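1. Fold the following, please.
(chains A, B, C and D)
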Protein chains: 4
Amino acid sequence: LAEKERQRGRRRIREWGILPGSLPAGDDNSILDVKGIEVGQVTLIRGRGNIMPGKGPVRTGVTAIWPHRDNIYRNPVPAGVEIINGYGKAMGLVQIDELGELASPIVLTGTLNVGRAADGLIDYMLKENPDIGIDAPSFNPVVLECNDGYLNDLQGRHVKREHVHRALIMADDEMVGEGGVGAGTGMTSFGFKGGVGTASRVVKSEEKEMRLGAFVLNNFGRRENLRIDGLTLDRLDPDLLQGAARHQKEEDGSVIIIMAVDIPLTHRDLTRISRRAVHGLARVGSISAHGSGDFALAFSPAPEENENYCELGGKILSRLFQAAAEATEEAVLNSLFMAATMRGRDGHTAPGFPGREVVAAYNELFSEGS
Amino acid sequence: LAEKERQRGRRRIREWGILPGSLPAGDDNSILDVKGIEVGQVTLIRGRGNIMPGKGPVRTGVTAIWPHRDNIYRNPVPAGVEIINGYGKAMGLVQIDELGELASPIVLTGTLNVGRAADGLIDYMLKENPDIGIDAPSFNPVVLECNDGYLNDLQGRHVKREHVHRALIMADDEMVGEGGVGAGTGMTSFGFKGGVGTASRVVKSEEKEMRLGAFVLNNFGRRENLRIDGLTLDRLDPDLLQGAARHQKEEDGSVIIIMAVDIPLTHRDLTRISRRAVHGLARVGSISAHGSGDFALAFSPAPEENENYCELGGKILSRLFQAAAEATEEAVLNSLFMAATMRGRDGHTAPGFPGREVVAAYNELFSEGS
Amino acid sequence: LAEKERQRGRRRIREWGILPGSLPAGDDNSILDVKGIEVGQVTLIRGRGNIMPGKGPVRTGVTAIWPHRDNIYRNPVPAGVEIINGYGKAMGLVQIDELGELASPIVLTGTLNVGRAADGLIDYMLKENPDIGIDAPSFNPVVLECNDGYLNDLQGRHVKREHVHRALIMADDEMVGEGGVGAGTGMTSFGFKGGVGTASRVVKSEEKEMRLGAFVLNNFGRRENLRIDGLTLDRLDPDLLQGAARHQKEEDGSVIIIMAVDIPLTHRDLTRISRRAVHGLARVGSISAHGSGDFALAFSPAPEENENYCELGGKILSRLFQAAAEATEEAVLNSLFMAATMRGRDGHTAPGFPGREVVAAYNELFSEGS
Amino acid sequence: LAEKERQRGRRRIREWGILPGSLPAGDDNSILDVKGIEVGQVTLIRGRGNIMPGKGPVRTGVTAIWPHRDNIYRNPVPAGVEIINGYGKAMGLVQIDELGELASPIVLTGTLNVGRAADGLIDYMLKENPDIGIDAPSFNPVVLECNDGYLNDLQGRHVKREHVHRALIMADDEMVGEGGVGAGTGMTSFGFKGGVGTASRVVKSEEKEMRLGAFVLNNFGRRENLRIDGLTLDRLDPDLLQGAARHQKEEDGSVIIIMAVDIPLTHRDLTRISRRAVHGLARVGSISAHGSGDFALAFSPAPEENENYCELGGKILSRLFQAAAEATEEAVLNSLFMAATMRGRDGHTAPGFPGREVVAAYNELFSEGS
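-> Presented below is the predicted three-dimensional model:
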């Protein structure tokens, strides 16, 4: 209820009438527009006050993304990855790059939780596939992270195996909670509360219609660099910029981008698509700072077995590249617009993004100006 | 004179009062703000009418960039490269990546000229270093290109060795012509005339002041994706968008970005800086389309010999990353603002960018709107 | 004692008079010839008979390598990595590649233990550095693995945090146990028992003397491909080949190579050195099979702070490349020569390498033949 | 005739009864075992005595490899590349890596000829495809090189466009001349005459039979590192090693490896195959010295259009990896065994490999020794 309360009045950027980019969004404007994908999130909020390392306060969580629910270990899907800036602790990407396939759910969490989350993920997969490592090959857990230590007791590693299991089990294709939920619980961005966001784009060729969905775990950015549909806060309303400076943490945050396309593509094309996440990040204001662990992963949820890879022409590929940039941009913006203020350890506070004020300034600019 | 005439009324974006990004520009807002660098350009414009392959019309040229003039073959400089999208015919980048150093002037030209330009560059270097390949190692010519075939008789390969020699010899540190000059002569961008552009940024730490200069050869972009300081033409004035559609060529163009920093950095840091060119491109509207050959090269003009590499802290590195993004963005915009309309083969025309009208719309928006 | 017993009669290849390569070995022919490095190993052998997933039999372990003991988190060392074939689950390599430095002990273990080992490593580092993730950046655990599931109950993940702690704490610079110890406990290679091996080479220039040490975790190879100083077993004595075929597991094993050089080198040179591990592997008979996770990591144990990187000339670099190839080759051979027969789960047995017989055949060949 | 004369008594290593590796060779033990491929070579030998830069002596040439003769520009083939060590001046590899396809004949020549050879190749392709750069995309010439400057007047760039044209036109699928012919004319290796070599391997699965052919341009290696089927010359007969030291040039030579597989593979699998060339090189004695430009390129000659990529299982892929290593090893050895003594500039001489003596020592070793 408190969650609902806090979210009151929050809307996604598109609901405010601002449409970043030019391609149409999918039905739900979400990675769930790509059929087969399921997402589960577990949010951990506990305690307040000064940090007691190992105890709290707890502002963290875990998010699980299933490419499909039909035994991903046995039915891997084609995938590609891009390391935009490698100051991060991701697990599992190297094997994806070598084999061109993803054979694990994707788990996202806070930085120091990675080892435990991987271990919990292994538990789960062993139960589904009791022959792993006995008569069958080993399993490559895919776990990505951002650092939620500004709000959270990072050292505590409060994501336990049962949380990972719950995120995996409870995943569904109904909706993706955005903002400070799941792995996004303790994340901050551009001096505001960040976290989880999603968006999608539709690309049409003469023969087919494709959906590209993006999911981001957003924990990066300096406030003065933020751009809303191309406009800095300073341009929109200098007050938006000033009041917030003291809340701002170091800029060296990170972002994870997961993309899915609902046609079977080759490893090569998916790798190329993953390389366009950075275009969306840059539009929002990223410079991929020195300390950022910015990783992108793109996959097609169709299992590799029934593969008839689509070899797309250059024009359609370029539209998918544009879709990747636009969906990433909007997913980051959604994570901001949907996140409520969060107080964490040691009085650290990540203020909720003032969506209403920003939109008012934006509308004023364009209604008067043109 | 005609050149001057055509340029009449053209100004760089900053002169119009639009300042992309937030870091200050260097004195000349040019790659020449980095001391030691010299640039020479040869412009070839000849003939008109329908294409006669091998004969004309000629709309091409060559640009030479010297990291320094103190025998670059004997005194290589630290350098790094990034392949943003590899649909291009560059020469020499692989060895730079392996050795972490640049030992050649950088030559830019039209796509099919690369072989001849390399051969002309070799001529020149052999004269300066008559022991190459006899008692001394071979020479690695660095030649980059974009495709000027929309306006130019590409097959004709009209850049001859004497043009390369002239660009190398006449290079100076006085100014960089922008727009449709040198290698930029036949380039188009966002449905307008493109070509050469430059810009720079200054980064200050407590201990030192650094300049980062960017030079671009700009031949990419779809008009509807163009963003002027974050704003699409459609946002500024829909008329700007409409009139031009029929001039537009395929979007699969390319862009080359050369960056220089005036402190000695390691190969690793220069590689990381080169990876931030894409952030600047994305802000202007790039999606690095399928058919783009988008390459970035960053170097420090201080020779490797007297090397005391600066190992910069993360904060300063992040500011240099921001400088790379901003200087790239502004250099692309300068190449547009400074390029006059060019007619080429078969009635193909690249209209000069309507800078005055764009700026008027921009100013109207912000003067009224806020 | 039992350990000693089993090792009775085992000698390193060089002690038998076979000297792979042409550069001289260091004093101990070990990665410990590089001063500052310390190695600790914990061996877990428990139970026998059929596998009871989660219970045993246990044939696994953990090895910890400290680049130095002077707080590696605060005093990182320059490092580079190479992914020879990426079918592996290593943690931490991406950040090393981005930053060019190693800020963690290196932990090696069996495949599914990686998450737990990383978590145990984090525990340890948090105690030494209680500000991690609070006032200081996060920590990047480096954990590498091979699959010991042929002998071991892989699913059981029997390496617990206390084992990791013990390996870290008990590490010393006295000697490296070889064969079936530490992370090598359950490894197999070329149809024999594999595991841990080490070797070193000395390179002299006019000005200085350098040592390059290699440590391998060896779990790869088909018996018919094995080469002892260039000679297949078939060439040496066909009987060596035949008797063993039935013990042979799938060839898709892996190998990890850790290299250290006792002069401060740049990230670039260390990356290039790491790329020569494959030359040593190939000489022993590797083809880097499809299912191999073959990773190499090279570092200089001198902390980055007091850095005066040595920029070596090409000749000396080439000798270091040769040292990397030769030390890798000999380390793999040592891991074979030193490993005693190990019985594991389900009657799986990895026979100890018949060093004495191989050497006899080798000596016979060369004493008679020439 | 003189050529024939000089070759008298020369045999490929397999004809002497030495069979490197364990997989069977194809019918001709040549890259031409892969149907569709055609090879043409032009050898330029002119003048003697001291070097007169620009004039001679000339010891160079050019080799052209057609993946197929059915308009490769319009019908590109899947391909992958690997840069083993990047101290080289290759053209065209970046685009192959981005698009996963080869759309050009492969031209090999001496280092400084690359620009001219590319220009000659462009000429040829423009005639076949007069719409290039007008109504059709540009063309990506693929030219690779080694440095023949030890014997040849490198500065003279004696390979002219007509030589390139002749190599392209005269290419056939009848046989590949080996040793000092075509691009191999001036190459040296392990202190002997090197040059062109080829070999092949056959891999059988239950369903199909595949051929992998390798072609090398061999210009690398120190004599003491050379291994004939695993054995150094010193092991075979120390006299072989001693007599030759004074002929030896710097070790920093290079090698180019072209591989073809006669089933349609994806870019990913071909890239992985290209990464196994280094295993073959290492077996012959390569350490990929600092100054080496060691590049591998693998392709399937089946055009991309009628693509039904074979997705091979891991076992078959591993056998293809082994085939890549073995064919590369034997191709290098063939280039040595088939090359006659060549005298070049300034009294530099590359002695023909003493195949007969080496084989005698080899046979003596094994006949007596076992």
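2. A:Glu326 and A:Gly21 touch, don't they?
-> Yes - A:Glu326 lies in contact with A:Gly21 (CB atoms under 8 Å); the separation is 3.2 Å. Every residue, glycine included, has its C-beta placed from N, CA and C.
3. More neighbours: which of those two?
-> Using other CB atoms under 10 Å in any protein chain shown as the criterion, A:Glu326 and A:Gly21 rank with A:Glu326 on top: 27 against 22.
4. quick one: the strands in the stretch 251-370 of chain A?
-> A:254-261, A:293-299, A:342-343, A:349-350 (DSSP state E, counting those that start in this stretch).
5. To chain D, which of those strands lies closest?
-> Nearest to chain D, of all those, is strand A:293-299, at 14.7 Å by CB to the nearest CB.
6. re earlier: got the strands of the stretch 251-370 of chain A as CSV, with mean pLDDT and mean neighbour count columns?
-> Listed next are these as CSV, based on pLDDT from 0 to 100; neighbours: other CB atoms under 10 Å in any protein chain shown:
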stretch, mean pLDDT, mean neighbour count
strand A:254-261, 98, 29
strand A:293-299, 98, 28
strand A:342-343, 96, 22
strand A:349-350, 94, 22
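7. Of those, which is nearest C:Val42?
-> For these, the distance to C:Val42 is smallest for strand A:293-299, at 30.5 Å, taking CB to CB.
8. which strands and helices sit next to that closest one?
-> strand A:77-86, helix A:93-99, strand A:142-146, strand A:254-261, helix A:267-274, helix A:277-284 (3 or more CB pairs under 8 Å, 6 or more residues apart in numbering or on different chains; DSSP states H and E).
9. Next, the angle strand A:254-261 makes with the helix or strand hosting A:Val216.
-> Secondary structure assignment for A:Val216, by DSSP states H and E: strand A:209-219. Angle, strand A:209-219 to strand A:254-261, by axes from the mean of the first three to the mean of the last three CA atoms, to 10 degrees: 170 degrees.
10. Run me through the strand neighbours of strand A:209-219, direction for each.
-> Sheet pairing of strand A:209-219 (DSSP bridges) gives strand A:195-204 (antiparallel), strand A:254-261 (antiparallel).
11. Take the shortest one, keep the C-alpha atoms, and write them as PDB.
-> Extracted in PDB, the C-alpha atoms of strand A:254-261 (Å, rounded to 0.1, in the frame of the first residue of the first chain):
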ATOM      1  CA  SER A 254      26.300   2.400 -14.100                       C
ATOM      2  CA  VAL A 255      23.400   1.200 -16.200                       C
ATOM      3  CA  ILE A 256      22.400  -2.200 -17.500                       C
ATOM      4  CA  ILE A 257      20.300  -2.500 -20.700                       C
ATOM      5  CA  ILE A 258      18.500  -5.700 -21.700                       C
ATOM      6  CA  MET A 259      16.900  -5.800 -25.100                       C
ATOM      7  CA  ALA A 260      14.700  -8.300 -26.800                       C
ATOM      8  CA  VAL A 261      13.500  -8.600 -30.400                       C
END
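12. Now do it against strand A:77-86, angle only.
-> 160 degrees.
13. Quick check: end-to-end length of stretch A:176-184?
-> Stretch A:176-184 has an end-to-end distance of 12 Å (criterion: CA to CA, to the nearest Å).
14. Indicate whether that stretch makes contact with chain C.
-> No - between stretch A:176-184 and chain C, judged by CB under 8 Å from any CB of the partner chain, nothing touches; the nearest distance is 15.1 Å.
15. Can you mark which positions in stretch A:328-340 are buried?
-> Buried residues in stretch A:328-340, counting neighbours by 16 or more other CB atoms under 10 Å in any protein chain shown, are found at A:328-340.
16. Could you dump those residues into JSON lines and include pLDDT and distance to A:Gly314?
-> Output for those, formatted as JSON lines (pLDDT from 0 to 100; distance: CB to CB, whole Å):
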{"residue": "A:Thr328", "pLDDT": "98", "distance to A:Gly314": "21"}
{"residue": "A:Glu329", "pLDDT": "98", "distance to A:Gly314": "23"}
{"residue": "A:Glu330", "pLDDT": "98", "distance to A:Gly314": "25"}
{"residue": "A:Ala331", "pLDDT": "98", "distance to A:Gly314": "26"}
{"residue": "A:Val332", "pLDDT": "98", "distance to A:Gly314": "27"}
{"residue": "A:Leu333", "pLDDT": "98", "distance to A:Gly314": "29"}
{"residue": "A:Asn334", "pLDDT": "98", "distance to A:Gly314": "30"}
{"residue": "A:Ser335", "pLDDT": "98", "distance to A:Gly314": "32"}
{"residue": "A:Leu336", "pLDDT": "98", "distance to A:Gly314": "34"}
{"residue": "A:Phe337", "pLDDT": "97", "distance to A:Gly314": "34"}
{"residue": "A:Met338", "pLDDT": "97", "distance to A:Gly314": "36"}
{"residue": "A:Ala339", "pLDDT": "96", "distance to A:Gly314": "38"}
{"residue": "A:Ala340", "pLDDT": "95", "distance to A:Gly314": "43"}
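17. Among those, which are located in helices?
-> Judged by DSSP state H, those include A:Thr328, A:Glu329, A:Glu330, A:Ala331, A:Val332, A:Leu333, A:Asn334, A:Ser335, A:Leu336, A:Phe337 as members of helices.
18. And those residues, which is closest to C:Ala199?
-> Using CB to CB, these come closest to C:Ala199 at A:Thr328, 47.6 Å.
19. distance of the closest one from B:Glu224?
-> Distance of A:Thr328 to B:Glu224, given as CB to CB, to the nearest Å: 19 Å.
20. rewinding a little: need the buried residues of stretch A:328-340 in a markdown table (columns: distance to chain D).
-> Output for those, formatted as a markdown table (distance: CB to the nearest CB, whole Å):
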| residue | distance to chain D |
| --- | --- |
| A:Thr328 | 21 |
| A:Glu329 | 24 |
| A:Glu330 | 27 |
| A:Ala331 | 26 |
| A:Val332 | 27 |
| A:Leu333 | 30 |
| A:Asn334 | 31 |
| A:Ser335 | 31 |
| A:Leu336 | 34 |
| A:Phe337 | 36 |
| A:Met338 | 37 |
| A:Ala339 | 37 |
| A:Ala340 | 43 |
